[in-house]
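J.: Here you go, sequence then predicted model.
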Amino acid sequence: MTYKPLKAILEKEFGIPTRVDNDVRTAALGELNYGAGIGCQNMICITVGTGIGSGLVINGKSQNFLNQYHIKNKKS
């Protein structure tokens with residue numbers, strides 16, 4: 001399987017800074033900035049679709065525990 005650098009392709013095409021992230025984490029940030037989470041510093045966004053997902057915001061920042069878990073385990 002060949003991976004394409006999606007972030008670089010989108011930045012080049014549209015000429016704007018781009019971030020590629022998980023769907024539920026971006027949904028949580030959308031709610032935090034434009035929806036039900038306006039004014040909140042801490043929140044959780046739960047989605048139900050083909051599976052169940054959650055996006056966690058602590059102190060106004062999206063949390064990515066999966067990456068933290070992998071980084072922690074790689075050092076041990």
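T.: Ah, there it is. Treat the numbers as computed from the prediction; the structure is a model and nothing was measured. Numbering: from 1, shown residues only.

J.: Just give me the residue closest to the centre of this protein.
T.: What sits nearest the mean C-alpha location of the chain, by CA atoms, centre = their mean, is Arg25, with 3.2 Å.

J.: and that one, that's in a helix?
T.: Yes. According to DSSP: H, G, I helix; E, B strand; the rest coil, Arg25 belongs to a helix.

J.: Now it: closest residue in space, sequence neighbours ignored.
T.: Sequence neighbours aside, Gly55 is the residue nearest to Arg25 in space, at 4.3 Å (criterion: CB to CB, 6 or more residues apart in numbering). Any C-beta I mention is one placed from the backbone N, CA and C, and that applies to glycine too.

J.: what about the one you found, helix or strand, and which?
T.: Element membership for Gly55, per DSSP states H and E: strand 52-58.

J.: And the contacts of that strand?
T.: Residues outside strand 52-58 that contact it (CB atoms under 8 Å, 6 or more residues apart in numbering) are 22-29, 32, 37, 40-47, 62-63, 65.

J.: swap the cut-off to 7 Å and go again
T.: The contact list for strand 52-58, computed with CB atoms under 7 Å, 6 or more residues apart in numbering, reads 24-25, 27-28, 32, 42-47, 62-63.

J.: so after that strand, what's the next helix or strand?
T.: Heading C-terminal from strand 52-58, the first helix or strand you meet, by DSSP H and E, is strand 61-63.

J.: So which other helices or strands are in contact with that next one?
T.: helix 23-34, strand 52-58 (3 or more CB pairs under 7 Å, 6 or more residues apart in numbering; DSSP states H and E).

J.: between these, which one is nearest to Pro17?
T.: helix 23-34 (14.7 Å; CB to CB).

J.: Rounded mean pLDDT for that closest one, please.
T.: Mean pLDDT, computed over helix 23-34, is 92.
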